[in-house]
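Q: got a sequence here, can you model it:
(chains A and B)
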There are 2 protein chains.
Amino acid sequence: MKTYLDCIPCFFRQGLEAARIATKDVEKQKKVLDEIARIVPEFSLSSTPPEMGRIIYKIVREFTNSSDPYMELKNKYNRAALRLYPKLKEKVKEARDPLYTAIKIAIAGNIIDFGVKNMASGGFNNMEKELESTLQQDFAIFDYAEFKNALENVEEILYIADNSGEVVFDRILIEELHRRVIYVVRGGPIINDATMDDALFCKMDEVAKVISSGCDAPGTILRHCSEEFLSYYRQAKMIISKGQGNYETLSEEKKNVFFLLKAKCPIIAKDIGCKLGDIVLKDNLKGG
Amino acid sequence: MKTYLDCIPCFFRQGLEAARIATKDVEKQKKVLDEIARIVPEFSLSSTPPEMGRIIYKIVREFTNSSDPYMELKNKYNRAALRLYPKLKEKVKEARDPLYTAIKIAIAGNIIDFGVKNMASGGFNNMEKELESTLQQDFAIFDYAEFKNALENVEEILYIADNSGEVVFDRILIEELHRRVIYVVRGGPIINDATMDDALFCKMDEVAKVISSGCDAPGTILRHCSEEFLSYYRQAKMIISKGQGNYETLSEEKKNVFFLLKAKCPIIAKDIGCKLGDIVLKDNLKGG
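A: Residues are numbered from 1 along each chain as shown, chains lettered A, B, ... in the order given. The predicted model follows:
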């Protein structure tokens, strides 16, 4: 997905949010915004938004002397999600269609990013509330037949992660896939995205082979990815891509990717062809 | 009110919105954002947001070759508001406290700005719906006793206008004040703010002396105002200031100003000490 003009005000909003998490020093926060202002005119709209996201968070790290501003929050998400794990397993066990319910749970995990502000400012009650409401919500796009058909025909799945905490919800789905899974995390700290530390903390290595994409953007920019990741990617016959950032960077790829996400941004929703707040399981090759 | 860091993403959002109203050319829209990005680091946070607003809309006019992008919209607002005038008069006539109802109506007119997007894209039904809901809404801050007391003791009121269309709603209040009123419009086209053309179109000159502030910002920046306005301002014993832009530029003045507005921006709401969506009639000198 290309960068729309609407993304530009949002770059500043995101930069400010991250700067405020990294430091209380308003002058440093202002410098972050000034530096984003310096970069924006040079940034090509044909690039994907996570390419700018990567630059923004690099600026935040540099100007606030903070290598991983979201670390504390990520740990909180991970712990809160792990506490939910037995309950999530129970839901799948009781389900008429366990795979369907596991997909729903995996997508419910995608709300964690959405709630950053609320979660930063206090309780994690929202996580459970959002989980319940997502479980009730119907999919706007649901290529379930294609998903099950692809699943039938592969032995291995490349599963590209999104946020910390969400890892636990992904584990629920991975345990229902009954396939070998390569679980891909970001190459370095970026916002609250899942890194190797998060995957290991959530014990993802017990059910999947965990690798890094080698890319520290809030998405999967192939030309920044490691050779290890790219060799898995090239061979992959089925890819599950979680969240908006991976959609933004992979939506134009001619690969068998299933995008599993909640549309939290109106511009991405429009690009997908759904509404803000919708949940989708979208087969990238269908109708294309 | 000073400029908060939260205003910076919003400057870009406003610039994009105005650029899109002025031109369909995406490259020109991008150039507007690039130019705002060039200016932002130079802009002092100790200035008020309308000072940047003035610069932004100057950039929009220059880069899109459009001297008054909102002209068509302003005419629509004016006509729609004029159609409501008899109904508004009726409401005051039927009211137990006509002055109170007229204040409510004047503040309801302040929603016109809020609805720019909806109004640009079609019907004006929202104006009537918002009017009814504002009439039902309680004030969060309501210095009515101070207002009535000030009114008792003056012969002349300086009334600083906000948006086009809203002028008709202001007229309703002015007709209930039973005082000589100097009605102040912006010195030049800026967003959908009321200018001399709007005041005359809405026949404000029948009930008040209409003057220009001499300032073409979306607010009243005193050092940019004309000597004519400033002489009225200095002598004024009671000022009614409509809307957010006038609040932002006059909130730190030691004058007998009554701010009459709906808080449509979370940052302004916080500065006032109310919540987003609240309506207020605030005596600037009270408790200060």
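Q: make it CA atoms for all contacts and neighbour counts henceforth
A: OK.
Q: interface residues of the stretch 1-150 of chain A facing chain B?
A: Within the stretch 1-150 of chain A, the positions adjacent to chain B are A:5-6, A:8-13, A:16, A:30, A:33-34, A:37-38, A:40-41 by C-alpha under 8 Å from any C-alpha of the partner chain.
Q: of these - the most surrounded one?
A: Neighbour tally across the residues of the stretch 1-150 of chain A next to chain B (other C-alpha atoms under 10 Å in any protein chain shown): the maximum, 28 neighbours, falls on A:Leu33.
Q: quick check: that residue touching A:Gln14?
A: No: applying C-alpha atoms under 8 Å, one finds A:Leu33 not in contact with A:Gln14, separated by 9.8 Å.
Q: sort out for me which of the residues of the stretch 1-150 of chain A next to chain B are in strands.
A: With strands defined by DSSP state E, no entry of the residues of the stretch 1-150 of chain A next to chain B lies inside them.
Q: distance of the residue most central in space within chain A relative to chain B?
A: Closest residue to the average C-alpha location of chain A: A:Asp162 at 2.3 Å, with C-alpha atoms, centre = their mean. According to C-alpha to the nearest C-alpha, to the nearest Å, A:Asp162 and chain B sit 25 Å apart.
Q: hmm, that residue is touching A:Ala194, no?
A: Yes: counting by C-alpha under 8 Å, A:Asp162 does reach A:Ala194; the two are 5.9 Å apart.
Q: list the residues that contact both of those two?
A: By C-alpha atoms under 8 Å, 6 or more residues apart in numbering or on different chains, A:Asp162 and A:Ala194 have these common neighbours: A:Val185.
Q: so how far is stretch A:52-59 off the chain centroid?
A: 16 Å (C-alpha atoms, centre = their mean, to the nearest Å).
Q: correction: stretch A:270-288
A: Distance of stretch A:270-288 from its chain centroid, counting by C-alpha atoms, centre = their mean, is 15 Å.
Q: ok, stretch A:29-40 next?
A: The chain centroid and the centroid of stretch A:29-40 are separated by 25 Å under C-alpha atoms, centre = their mean.
Q: who's in contact with it?
A: A:8, A:11-12, A:15-16, A:19-20, A:23, A:56, A:59-60, A:63-64, B:5, B:34, B:37-38, B:40-41.
Q: among these, which are located in helices?
A: A:8, A:11-12, A:15-16, A:19-20, A:56, A:59-60, A:63-64, B:34, B:37-38 (DSSP state H).
Q: show me the helices in chain A, by range?
A: Under DSSP H, chain A gives helices at A:7-22, A:26-39, A:49-64, A:71-94, A:98-108, A:111-114, A:116-120, A:125-136, A:144-152, A:166-177, A:196-201, A:227-235, A:243-250, A:266-272.
Q: what would the ones you listed look like in TSV with mean pLDDT and distance to B:Val92?
A: What follows is the helices of chain A, written out as TSV (pLDDT from 0 to 100; distance: least, C-alpha to C-alpha, whole Å):
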stretch	mean pLDDT	distance to B:Val92
helix A:7-22	96	42
helix A:26-39	97	48
helix A:49-64	96	52
helix A:71-94	94	54
helix A:98-108	96	51
helix A:111-114	65	46
helix A:116-120	46	43
helix A:125-136	82	45
helix A:144-152	98	60
helix A:166-177	97	56
helix A:196-201	97	63
helix A:227-235	98	70
helix A:243-250	97	52
helix A:266-272	96	41
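Q: right, and those - which one's nearest B:Leu260?
A: Across the helices of chain A, B:Leu260 has its closest neighbour in helix A:7-22 (29.2 Å, C-alpha to C-alpha).
Q: what's the angle between that closest one and helix A:71-94?
A: Here the directions of helix A:7-22 and helix A:71-94 differ by 110 degrees (axes from the mean of the first three to the mean of the last three C-alpha atoms, to 10 degrees).
Q: give me the distance between helix A:7-22 and the centre of its chain.
A: The chain centre lies 18 Å from the centre of helix A:7-22; the measure is C-alpha atoms, centre = their mean.
Q: what do you get for stretch A:133-150?
A: With C-alpha atoms, centre = their mean, you get 18 Å for stretch A:133-150.
Q: which outside residues touch it?
A: Contacts of stretch A:133-150 (C-alpha under 8 Å, 6+ apart): A:101, A:104-105, A:107-108, A:238, A:258, A:274, A:278-283.
Q: can you tell me which of those is closest to chain B?
A: A:Cys274 (20.5 Å; C-alpha to the nearest C-alpha).
Q: next up, the contacts around that closest one.
A: Shown in contact with A:Cys274 (C-alpha under 8 Å, 6+ apart): A:140-141, A:263.
Q: now the end-to-end length of stretch A:14-31.
A: 14 Å (C-alpha to C-alpha, to the nearest Å).
Q: report the contact partners of A:Leu276.
A: A:263-266, A:269.
Q: state the pLDDT value of A:Gly122.
A: On pLDDT, A:Gly122 comes in at 44.
Q: apart from its neighbours in sequence, what residue is nearest A:Lys104?
A: Nearest residue to A:Lys104, sequence neighbours excluded (C-alpha to C-alpha, 6 or more residues apart in numbering or on different chains): A:Leu135, at 5.9 Å.
Q: burial count for A:Glu42?
A: For A:Glu42, the neighbour count with other C-alpha under 10 Å is 9.
Q: make that A:Ser212, sorry
A: 22.
Q: what's the answer for A:Arg61, then?
A: 20.
Q: verify the stated contact: it with A:Ser67.
A: Yes: between A:Arg61 and A:Ser67 there is a contact under C-alpha under 8 Å: 5.5 Å.
Q: what's the distance between A:Leu16 and A:Lys31?
A: 10 Å.
Q: again, but for A:Asn246
A: From A:Asn246 to A:Lys31 the distance is 29 Å (C-alpha to C-alpha).
Q: next one: stretch A:165-181 to chain centre, how far?
A: Here stretch A:165-181 is found 14 Å from its chain centre; the criterion is C-alpha atoms, centre = their mean.
Q: any buried residues in it, and which?
A: For stretch A:165-181, burial by neighbour count (16 or more other C-alpha atoms under 10 Å in any protein chain shown) applies to A:165-175, A:177, A:179-181.
Q: give me the domain ranges for chain A.
A: Annotated domains of chain A cover A:7-64, A:71-283 [automatic domain parsing].
Q: just send those domains back as TSV, with distance to B:Ser226 too.
A: As requested, the domains of chain A are exported to TSV (distance: least, C-alpha to C-alpha, whole Å):
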stretch	distance to B:Ser226
domain A:7-64	33
domain A:71-283	43
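Q: which one of the ones you listed lies closest to B:Glu130?
A: Among the domains of chain A, the nearest to B:Glu130 by C-alpha to C-alpha is domain A:71-283 (24.2 Å).
Q: wait, A:Thr220 sits on A:Ser251?
A: No: under the criterion of C-alpha under 8 Å, A:Thr220 makes no contact with A:Ser251, lying 10.6 Å away.
Q: between these two, which one's more packed in?
A: The residue with more neighbours, out of A:Thr220 and A:Ser251, is A:Thr220; 28 against 21, by other C-alpha under 10 Å.
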